[in-house]
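**Q** return atomic coordinates for the entry below.
(one chain, ligands or ions: 1)
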Amino acid sequence: MKELVGNQEQREIDKLVDRILKDLGNPEPPLSLPQVRQLLALDLTYYSSTDVGPLTEFAHRIRVAGKQLAARPSLLLDVVKKAKLSGLWMPDNRQIFIDQEVPKPKHRWIEAHEITHSFIPWHADFLLGDDEMTLDPTCHETIEAEANFGAGKLLFLGNQFSREARDYNPSFKSISALKNRFGNTLTSTFWRFVEDRDPGAAVFGLISIHPRHPHVGARVDGSPIHHFVTSGGFRTRFPAIGPLDVYELVRRNCTWNSKGPVVGGHDVLLDGAGTPVRFVLDGFSNTYQVLTYGIAL
Ligand SMILES: [Zn+2]
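**A** I've put the predicted structure just below:
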């Protein structure tokens, strides 16, 4: 599988994040984003998607996922409104804009994403607008993938999260504890725990609807899957296993409870050689989605 961010770029972004953390005196989590902005001399302004006034004078230069937002000035305001931008990075006056209509728990990720645009030197010339798609960690647009990579590194303090995660059991309880410690969302903590706790182990993370209560996590496209995250070890050993195979495990091992711990027990996936491998399942419903963690025994 092709990585979204090149190896060299990963190393450079790692170095930039480490430098910021060092300049802040290697703080304990959770990372204070206002402190990061102060260090980098960045300004944060909230605007409202129902009143895009503050953006008007820049609108003709905004790029979303690599494309110019609009070419014709007369349509700009309309286009900016319709673009459903959640955040923006404005290099001229080192300003970050966040749409205050976006639910509060998402602000931290957006802010970290825009901060990352500001400190990656090769992003400096772009005026970047972000919507739901570019803020998704699986976005394929290079610049946006880099900003999401950097946001993750920043919010989880470089390698500190993976170092600490190794001291925790591979379970949902550990993910909740680390969520509180690092002050990030359950979803982003879950994601990181699957990928980074032990990249050599075969681990998956599935974010899906609730099989017994399909309105929990229901998607407009009808798919039961929101996200499928895997460790490097999983991709090597289970090259043919996709999100629907794993959803089948969730479906078979799910209780009728609509929230809290809802998936448990053991189940089996076939590895690349066709050998059955047992996985321990641990899934949790936050009433919006079901997040299931699975690790090979
Ligand atoms: Zn962006």
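
**Q** give me the neighbour count for the closest residue to V216 other than its chain neighbours.
**A** Among residues not flanking V216 along the chain, H210 sits closest, at 3.7 Å (CB to CB, 6 or more residues apart in numbering). Every C-beta, even on glycine, is put in place using the N, C-alpha and C of the backbone. When neighbours are counted by other CB atoms under 10 Å, H210 registers 27.

**Q** before we move on, what about D130?
**A** 28.

**Q** before we move on, the earlier item: and the residue nearest to V216, how close does it get to F156?
**A** Using CB to CB, to the nearest Å, H210 is found at 28 Å from F156.

**Q** need the pLDDT of the most centrally placed residue in the chain.
**A** Geometric centre of the chain, nearest residue: P137, 4.3 Å, by CA atoms, centre = their mean. If you check P137, the pLDDT there is 87.

**Q** state the distance from the one residue in the stretch 101-250 of the chain that gets nearest to the ion to N184.
**A** For the stretch 101-250 of the chain, the residue closest to the ion is D130, as judged by CB to the ion, at 4.0 Å. Separation of D130 from N184 (CB to CB) stands at 18 Å.

**Q** circling back to that earlier point, I figured the residue nearest to V216 was touching S285, is that so?
**A** Yes - when contacts are counted by CB atoms under 8 Å, H210 is listed as touching S285 (5.7 Å).

**Q** okay, and the common contacts of the two?
**A** 216, 258, 262 (CB atoms under 8 Å, 6 or more residues apart in numbering).

**Q** assumed the last one was part of a strand.
**A** Yes - inclusion of V262 in a strand is indicated when DSSP: H, G, I helix; E, B strand; the rest coil is applied.

**Q** could you give the number of residues near it?
**A** Neighbour tally, V262, other CB under 10 Å: 24.

**Q** on that earlier part again, give me the pLDDT for the residue nearest to V216.
**A** Here, the pLDDT recorded for H210 equals 97.

**Q** before we move on, what SS does it have?
**A** From three-state DSSP, the assignment for H210 is coil.

**Q** ok, residues contacting the helix or strand of the chain with the lowest mean pLDDT?
**A** Lowest on mean pLDDT, DSSP states H and E among the helices and strands of the chain sits helix 76-82, with a mean of 71. If you take CB under 8 Å, 6+ apart as the criterion, helix 76-82 is touched by 49, 52, 55-56, 59-60, 62, 69-70.

**Q** swap in 6 Å and give it another go.
**A** Helix 76-82 is contacted by residues 52, 55, 59, 69-70 when judged by CB atoms under 6 Å, 6 or more residues apart in numbering.

**Q** distance check, the closest residue to F119 other than its chain neighbours against the ion.
**A** What sits nearest to F119 in space, not counting adjacent residues and going by CB to CB, 6+ apart, is L16, at 5.4 Å. Distance of L16 to the ion, given as CB to the ion, to the nearest Å: 16 Å.

**Q** pLDDT wise, what is L16 at?
**A** For L16, pLDDT reads 98.

**Q** starting at the chain centroid, how far to the one helix or strand it maps to?
**A** Element membership for L16, per DSSP states H and E: helix 7-23. Remark: helix 7-23 is offset 18 Å from the chain centroid, using CA atoms, centre = their mean, to the nearest Å.

**Q** same check, this time on stretch 147-155
**A** 8 Å.

**Q** repeat that for stretch 58-72.
**A** Its chain's average C-alpha position is 24 Å from that of stretch 58-72, according to CA atoms, centre = their mean.
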